[in-house]
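# Structure here, sequence nowhere to be found:
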């Protein structure tokens, strides 16, 4: 709501022992056995003319949409070994949306906590970076639902602090999160207040500029756990050769995940139609299999 990699986007994973490689099929041990698609392994999607006909005239004429994402969140978005190409589920999905609309796509890396303000300022046409749809974000931008997801807690191997996704278990512990995420803005502060209301020591949120920084904090012992999308934690932990793992318990606050657009964007109808078409023609099933995204992340109402 986050394959191979080396590259700057996975510096934290490299720092905890991920060997450099370009494809897990040629070096499976380097990624803990995770099957990482090659960056050139793209899914070609046919244009949906009905969706394309909904495009605003200026976008149709330009022929390209600019999509922002924070390339530090495997398996959703990250840099390939060339340190330039953005790959991952969201990268493929954004490309597929563009193809459905008969357009090309330009993927732009940006800091997560700057993306929505940049979108509102007109620097991008869309933003797709595992954004949970929240009332606060909907005040700034509009969304098209394409996935859903909930939070989990990453812990060091063996879970030495015996943490779980039960908020009361987290009381008194230092928990990392990436700045600007739902976990940082809403969920950890809410858990902190629950701890206080229960007369327990409050959870201590430790916020970091990137997911990589949060991972480094966890693996160096500066924090007891890290809160992020549960699918991303599972994938990133396997990618790092088991240097961290998902704590037990149900996912926390599953919410719809959306592609963000500027408020009242005339592009929204076309994007919504493209998302629905990608579910209908099986492209989404192909991409979730490619990037090891579980079926629990599929949106019950895609395109809404």
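Sure, I can see it. Predicted model, so just to flag it, every value in this text is computed and none were measured.

# could you say what helices and strands the helix or strand where residue 144 lies packs with?
Assessed by DSSP states H and E, residue 144 sits inside strand 141-155. Strand 141-155 is packed against helix 112-120, strand 126-132, helix 211-219, strand 225-229, helix 230-239, strand 245-246, strand 252-262, helix 268-280, with contacts defined by 3 or more CB pairs under 8 Å, 6 or more residues apart in numbering; DSSP states H and E. All C-beta atoms are positioned from the backbone trio N, CA, C, and that covers glycine.

# pLDDT of the helix or strand following it, averaged?
Moving toward the C-terminus from strand 141-155, the next helix or strand (DSSP H and E) is helix 167-170. Across helix 167-170, the average pLDDT comes to 95.

# got the contact list for helix 167-170?
Contact with helix 167-170 is made by 153, 162-163, 191, 194-195, 198, 200, 203, 225, 252, as judged by CB atoms under 8 Å, 6 or more residues apart in numbering.

# and which of those residues is nearest to residue 141?
Proximity of the contacts of helix 167-170 to residue 141 (CB to CB) peaks at residue 252, which lies at 23.6 Å.

# For that closest one, the count of nearby residues, please.
A count of nearby residues for residue 252, using other CB atoms under 10 Å, gives 20.

# thought it was touching residue 165?
Yes: using CB atoms under 8 Å, residue 252 is in contact with residue 165, at 5.1 Å.

# Give me the common contacts of the two.
Contact criterion CB under 8 Å, 6+ apart; residues shared by residue 252 and residue 165: 151-152.

# Nearest to residue 130 among the contacts of helix 167-170?
For the contacts of helix 167-170, the nearest to residue 130 is residue 252 (15.1 Å; CB to CB).

# Next one, pLDDT for the closest residue to that closest one other than its chain neighbours please.
Nearest residue to residue 252 in three dimensions, chain neighbours excluded: residue 151, at 4.2 Å (CB to CB, 6 or more residues apart in numbering). On the pLDDT scale, residue 151 is placed at 90.

# Which residue, other than its chain neighbours, is closest to residue 188?
Nearest residue to residue 188 in three dimensions, chain neighbours excluded: residue 205, at 4.2 Å (CB to CB, 6+ apart).

# Figure out the helix or strand that the one you found lives in.
Assessed by DSSP H and E, residue 205 sits inside strand 204-208.

# Remind me what that strand packs against, helices and strands.
Secondary-structure packing of strand 204-208 (3+ CB pairs under 8 Å, 6+ apart): strand 174-178, helix 188-197, helix 211-219.

# show me the contacts for residue 183.
Contacts of residue 183 (CB under 8 Å, 6+ apart): 151, 177, 227-228.

# likewise residue 164?
153, 247-249.

# Export those residues as CSV, with columns for neighbour count and distance to residue 209.
Shown next, in CSV, are the contacts of residue 164 (neighbours: other CB atoms under 10 Å; distance: CB to CB, whole Å):
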residue, neighbour count, distance to residue 209
153, 30, 20
247, 23, 24
248, 15, 29
249, 15, 27
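
# rewinding a little: of all the contacts of residue 183, which two lie farthest apart?
151 and 177 (9.0 Å).

# Any chance you could list residues touching both of those two?
183, 227-228.

# Name the nearest of these relative to residue 258.
For the shared contacts of residue 151 and residue 177, the nearest to residue 258 is residue 183 (16.6 Å; CB to CB).

# Just the pLDDT for that closest one.
92.

# same check, this time on residue 180
With respect to pLDDT, residue 180 has a value of 88.

# Burial check on it, number of neighbours?
Residue 180: 20 neighbours (other CB under 10 Å).

# pretty sure it contacts residue 113?
Yes: counting by CB under 8 Å, residue 180 does reach residue 113; the two are 2.7 Å apart.

# For residue 166, give its distance to residue 204.
When distance is defined by CB to CB, to the nearest Å, residue 166 is 17 Å away from residue 204.

# Let me see the ranges of the helices in the stretch 1-150 of the chain.
With helices called from DSSP state H, counting those that start in this stretch, the stretch 1-150 of the chain shows them at 11-15, 49-52, 57-62, 89-100, 112-120, 135-138.
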